[in-house]
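*Asks:* Build the 3D model from these lines:
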Amino acid sequence: SGSPPTYRNRPLEVRLREVNAEELRTRAINGDIPKPSCIPILGREGYLVRGWATLLAAYPKAGKTELAVACAMAACQERVLYITEESEDVWAARLESIEQPCSHINIVYGFGVPVAAIMQRIAEGDETLVILDTVRHLLAIEDENNNSEVARAMTPLVSACRARKKTLLALHHRRK
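*Replies:* Next comes the predicted model:
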C-alpha cells in the first residue's frame, strides 16, 4: 500500500543499512574493513569469533559451564561478563579452586531477573565477551527444544551484542 510501517498506531522509523556489493568488495580488498579475529578457546583459534554470537548446545551435565568458565579464565585479554543462573555459593566454590587471577571477569546472578535488566546490563557494560549460562533460564524460554522460540529470545540479545561489538557465547541445554 506504500504506507510506512506502524507499531501501536505510531509510525516506525526504519533504518535499513544498505551497501553496494562492489563497493564493499573494494573496501575489503583495500584493507578498509578488518578481517574477523578470534578469541582463543583453550589455546585454539577459530571457534569464538570476536563480535559474533556462538550458541554452545549440549545435553545437561555435559560440561558446558566448565568449558565456558575455562574460556573466560583464558580470555584474560578480554573483559568478561558472565551472566549465570547459578548461585553465589556455587561460584565461590568454583573460583576457590582456581589459582589464576580472574579480575577480568564480572559475574551477574541472572536467575529470575527480567530479561530487560539483563539486556540493559549488557548494553551498559564495557565487557567485550558476554557469556550467558543458560539461555533457557536467563531468557525465560519455556520450550528449549522449540528452535523458533529460542531464536526469538536470542535475536534481541545477539543484536545488542553485535551493535556494541561484543562477542556472545550463549550456553543452551539440548534435550531429546
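*Asks:* Strands of this protein, start to end?
*Replies:* 6-7, 10-11, 38-41, 44-49, 53-58, 80-84, 105-109, 129-133, 167-173 (DSSP state E).
*Asks:* In CSV: those strands, plus mean neighbour count and distance to residue 30.
*Replies:* The way it works is simple: take the backbone N, C-alpha and C, and place the C-beta from them, glycine included. Formatted as CSV, these follow (neighbours: other CB atoms under 10 Å; distance: least, CB to CB, whole Å):
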stretch, mean neighbour count, distance to residue 30
strand 6-7, 8, 40
strand 10-11, 8, 39
strand 38-41, 17, 23
strand 44-49, 13, 22
strand 53-58, 17, 28
strand 80-84, 23, 34
strand 105-109, 17, 38
strand 129-133, 25, 29
strand 167-173, 22, 26
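*Asks:* Could I get the ones you listed in TSV, plus columns for distance to residue 123 and mean pLDDT?
*Replies:* Output for the strands of the chain, formatted as TSV (distance: least, CB to CB, whole Å; pLDDT from 0 to 100):
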stretch	distance to residue 123	mean pLDDT
strand 6-7	21	62
strand 10-11	23	72
strand 38-41	20	86
strand 44-49	21	87
strand 53-58	15	90
strand 80-84	11	97
strand 105-109	13	96
strand 129-133	10	96
strand 167-173	13	93
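*Asks:* Out of the ones you listed, which is closest to residue 70?
*Replies:* For the strands of the chain, proximity to residue 70 was assessed by CB to CB; strand 38-41 is nearest, at 8.1 Å.
*Asks:* The chain: helices as residue ranges?
*Replies:* Listed in chain order, the helices of the chain (DSSP state H) span 21-29, 64-74, 88-96, 115-124, 135-138, 147-163.
*Asks:* Dump the ones you listed into a markdown table; add mean pLDDT, mean neighbour count and distance to residue 109 as well.
*Replies:* Shown next, in a markdown table, are these (pLDDT from 0 to 100; neighbours: other CB atoms under 10 Å; distance: least, CB to CB, whole Å):
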| stretch | mean pLDDT | mean neighbour count | distance to residue 109 |
| --- | --- | --- | --- |
| helix 21-29 | 96 | 10 | 42 |
| helix 64-74 | 91 | 18 | 14 |
| helix 88-96 | 94 | 11 | 6 |
| helix 115-124 | 92 | 14 | 11 |
| helix 135-138 | 90 | 20 | 10 |
| helix 147-163 | 90 | 15 | 17 |
